[in-house]
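> Fold the following and give me the result.
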Amino acid sequence: MKRRDAAQPRSTIAQQRELARVLASMGEADEIEALLTDLCTPAEREALTDRWAVVPLLAEGMSYRAIHEATGVSVTTVGRVARCVEDGAGGYRAALRHRDTLEPADG
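Numbering: from 1, shown residues only. Down below sits the predicted model:
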């Protein structure tokens, strides 16, 4: 990753917003998955997937240790995700609400 100053430049914020708008407009899981595959390295995709796997388990009230044992995600990462769920920008909570409205996936 690039080294950055503490404050993000306006152009970076605008680029993040544009990416968020593009993702929101895509609407098809297959297209979004393809974009994430193109956009992220395998390690980045694994990190995203690991973090997402933790979120519903935290919402169920599972302990950090139990989540680690169930997923293999480090207790440190579980703690970081938990902090974001509690004190973050609200993205995990919004994603959970959307997840709860999904039809079951095939396969």
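> Can you show me the helices along the chain?
Listed in chain order, the helices of the chain (DSSP state H) span 10-26, 29-39, 42-59, 64-71, 75-87, 91-100.
> May I see those organised as CSV, with mean neighbour count added?
Every residue, glycine included, has its C-beta placed from N, CA and C. CSV is the format used below for these (neighbours: other C-beta atoms under 10 Å):
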stretch, mean neighbour count
helix 10-26, 11
helix 29-39, 11
helix 42-59, 15
helix 64-71, 16
helix 75-87, 15
helix 91-100, 12
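> Turn those helices into a markdown table, including mean pLDDT.
Shown next, in a markdown table, are the helices of the chain (pLDDT from 0 to 100):
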| stretch | mean pLDDT |
| --- | --- |
| helix 10-26 | 93 |
| helix 29-39 | 96 |
| helix 42-59 | 98 |
| helix 64-71 | 98 |
| helix 75-87 | 98 |
| helix 91-100 | 95 |
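> Quick check: phi and psi on G61?
phi 90, psi 10 (degrees, to the nearest 10).
> now it: how far from V54?
To V54, G61 is 13 Å away according to C-beta to C-beta, to the nearest Å.
> Overlap in contacts, those two.
Here G61 and V54 have no joint contacts, going by C-beta atoms under 8 Å, 6 or more residues apart in numbering.
> Pull the contacting residues for V55.
Contacts of V55 (C-beta under 8 Å, 6+ apart): 81, 85, 92, 95-96.
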